[in-house]
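**Student:** Next comes the sequence, and after it the predicted model I'd like to discuss.
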Amino acid sequence: MAIHFRDASLAPLQQVTVSAPDGAVIGVIGEDGAGVHQLLQLATGLAQAQSGEVRFDAAARYLGPLDALQLAPVSTLALDHSLACCDALVKARAFTGLERLRRTGATVLIASHDLDLLHQLADEIWWIHDGRLYAKGDPREVSARYLQHIAARHRAWGETAGAPLAPALRRGDGRAEIVAIETLGANGAPSLVIQSGEQMSVRITVKFNSAVENPVVGMMIRTRIGSEVYGTNTELERYPLGTIQPGQTVRITYRFPCQLCPQEYAITAASHDANGVWHDWMEDALAFAVADSRYTAGVANLRAEVHAERL
């Protein structure tokens with residue numbers, strides 16, 4: 001039987017009006033605490049709306065994350081992250097059982113953080129955000145908007161996260177000391193998360209303990225498995241630093257578009273003489289992440305445009 005919410009509220013859920021028709025599988029997504037759990041409880045009668053109304057068939061079943069997958073015939077079924085801990089075989093059997101329920105006209109709500117799973121099962125996705133129905137519709141369109149939102153939240157969180165330098169290896173003769181390595185977003189603020197395609201900077205601060213003639217300060221970006229992605233230094237960029245006196249501090253900033261695929265990266269930074277003698281070398285000293293709203297394979301995000309023609 002169809003489920004109808006009309007201005008239904010159950011904190012944090014607020015004034016939700018939406019309907020799920022007979023024989024439909026609805027994916028429900030949202031961050032923890034957004035109101036997804038309350039929506040499924042209202043849909044099965046486990047909780048009563050504080051205001052508004054919810055209409056559903058009395059033959060309703062709610063299954064939580066640790067409940068056994070009871071997929072016997074029922075008019076309304078709500079799965080509250082019930083497939084999260086299932087192995088591949090159990091999921092495959094559940095898919096078959098859910099399709100059988102759909103064919104009998106049952107209405108199924110599935111809350112899950114697994115968007116690929118919902119793309120396989122759901123006819124429609126409802127996105128609950130801050131207690132409200134933020135978007136509903138085609139699973140891939142709604143999930144794409146949701147992923148953009150998550151990438152933006154991840155990027156914003158990166159400006160609040162701090163991480164001390166933790167080099168895997170450090171070496172040098174001590175004539176200079178790297179005191180800071182930072183990644184900065186397009187707004188110039190330090191961030192441990194950079195949006196793919198965003199203008200970013202790597203800023204290296206070096207304090208010199210001895211006089212050094214034309215030191216070279218450089219950096220290398222590597223993947224988490226150690227593959228070199230991009231590296232440069234002041235010598236390659238033809239930016240001589242001249243003579244640095246004891247006690248002076250130099251800050252070098254490299255700016256470039258972050259055309260990287262979303263994953264984790266690490267930065268190595270070094271100060272050395274032109275002949276390669278190290279003052280201070282910090283291997284994989286700072287980890288940062290690149291975020292994006294969709295998966296791309298590899299390391300370089302080349303942002304290909306697609307054109308097809310039938311011959």
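**Tutor:** In hand now; what should we look at?

**Student:** ok, and for the longest helix seen in the chain, which residues are buried?
**Tutor:** When the chain is parsed with DSSP state H, its longest helix is helix 139-158. Taking 16 or more other CB atoms under 10 Å as the basis for neighbour counts, the residues of helix 139-158 that come out buried are Pro139, Val142, Ser143, Arg145, Tyr146, Leu147, His149, Ala151, His154, Arg155, Gly158. Glycine gets a C-beta too; all of them are placed from N, C-alpha and C.

**Student:** Can you lay out those residues as a markdown table showing pLDDT?
**Tutor:** As requested, the buried residues of helix 139-158 are exported to a markdown table (pLDDT from 0 to 100):
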| residue | pLDDT |
| --- | --- |
| Pro139 | 96 |
| Val142 | 97 |
| Ser143 | 95 |
| Arg145 | 96 |
| Tyr146 | 96 |
| Leu147 | 94 |
| His149 | 95 |
| Ala151 | 93 |
| His154 | 94 |
| Arg155 | 94 |
| Gly158 | 94 |
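
**Student:** any idea of the pLDDT on the residue of the chain positioned farthest from its centre?
**Tutor:** Here the chain reaches farthest from its C-alpha mean at Ala211, the gap being 44.9 Å by CA atoms, centre = their mean. According to the predicted model, the pLDDT of Ala211 comes to 97.

**Student:** how near is it to Val16?
**Tutor:** For Ala211, the distance to Val16 (CB to CB, to the nearest Å) stands at 69 Å.

**Student:** likewise Ala270?
**Tutor:** With distances taken as CB to CB, Ala270 is found 56 Å from Val16.

**Student:** and those two? which has more neighbours close in?
**Tutor:** Ala270 (26 against 23; other CB atoms under 10 Å).

**Student:** What's opposite that one in the beta bridge?
**Tutor:** Ala270 forms beta bridges with Gly218, Trp281, as assigned by DSSP bridges.

**Student:** residues touching it, list them.
**Tutor:** Taking CB atoms under 8 Å, 6 or more residues apart in numbering as the contact definition, Ala270 lies against Gly172, Ile178, Val216, Val217, Gly218, Met219, Asn233, Trp278, His279, Asp280, Trp281, Met282.

**Student:** now, among these, which is nearest to Ala122?
**Tutor:** Nearest to Ala122 among the contacts of Ala270: Met219, at 44.4 Å, using CB to CB.

**Student:** The closest one and Ile267 touch, don't they?
**Tutor:** Yes: with contacts counted by CB atoms under 8 Å, Met219 reaches Ile267, the gap being 5.8 Å.

**Student:** Quickly list what's touching both of those two.
**Tutor:** Joint contacts of Met219 and Ile267 (CB under 8 Å, 6+ apart) are Ile181, Val202.

**Student:** So these two - more neighbours on which side?
**Tutor:** Of the pair Met219 and Ile267, Ile267 is the one with more neighbours under other CB under 10 Å, namely 24 against 21.

**Student:** Quick check: nearest residue in space to the more buried one, chain neighbours excluded?
**Tutor:** Taking CB to CB, 6 or more residues apart in numbering as the measure, Ile267 lies nearest to Leu286, with 4.6 Å between them; neighbours along the chain are not counted.

**Student:** how many neighbours does the closest residue to Ala297 other than its chain neighbours have?
**Tutor:** On the basis of CB to CB, 6+ apart, the spatially nearest residue to Ala297 that is not a chain neighbour turns out to be Cys261, at 6.9 Å. Here the count is done by other CB under 10 Å, and Cys261 has 18 residues near it.
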